[in-house]
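Colleague: Below are the sequence and a predicted model; questions follow.
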Amino acid sequence: MNEILQKIEKNLKEKFSQVYDEFQNGASEEEIKDLENLFDEALPQELSELYTWHNGQDGYGSLNQKDNFTFLPIDEVVDTYEFLNDPMEEVCNPYENSWIPLFYNGRGDYLMYESKGENKGKILTYYHDDSTRKIKYESIEELLTKSLESTK
């Protein structure tokens, strides 16, 4: 996965510098622990690698030039997770507390990492105004591979 991340970074830097310039530095150990606290077990390796590479983005450019989802920094992942799991908030159901929001389009829609069950490790779509929850990617690696393809 590290090779894919390095290629994405190179392509974005060369061809989509506005997206590249939005990257935050890699997450600190403390930030990784904040993310790990959302899981009942150790943080999956692929998420650790992803956030060690960069702790999300500051702007709204997408890693995948064919969509509009921005890579969320860990503090926003945690805040969004807490919001979506707050029983006092109105969220579009179905919603599961095993879904970890990793990408956001700025309009209430997310790409979620499934952290448990038969779909563990898959990326689901969560649209704020649609109750359909489809598997968009089979893994983080597939999501990143599609992102890399979009930057060529």
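Modeller: Yep, it's here. Numbers count the residues shown, from 1 in each chain.
Colleague: Pull up the per-residue confidence for residue 2.
Modeller: If you check residue 2, the pLDDT there is 94.
Colleague: ugh, typo on my part, it should be residue 18
Modeller: 96.
Colleague: same check, this time on the one 4 residues further on
Modeller: At residue 22 the predicted local confidence, pLDDT, stands at 97.
Colleague: Same question for residue 42.
Modeller: 85.
Colleague: start the count at 45, not 1, going forward
Modeller: That works, and once the first residue is 45, the last one we named lands at residue 86.
Colleague: List the single closest residue to it in space, sequence neighbours excluded.
Modeller: Leaving aside its chain neighbours, residue 86 sits nearest to residue 80 (7.0 Å; criterion: Cβ to Cβ, 6 or more residues apart in numbering). Using the backbone N, CA and C atoms, a C-beta is placed for each residue, glycine as well.
Colleague: same thing with residue 59?
Modeller: Nearest to residue 59 is residue 195, by Cβ to Cβ, 6+ apart, at 6.2 Å.
Colleague: Touching, the one you found and residue 52? I think so.
Modeller: Yes. At 6.3 Å, residue 195 and residue 52 qualify as touching, with contact defined as Cβ atoms under 8 Å.
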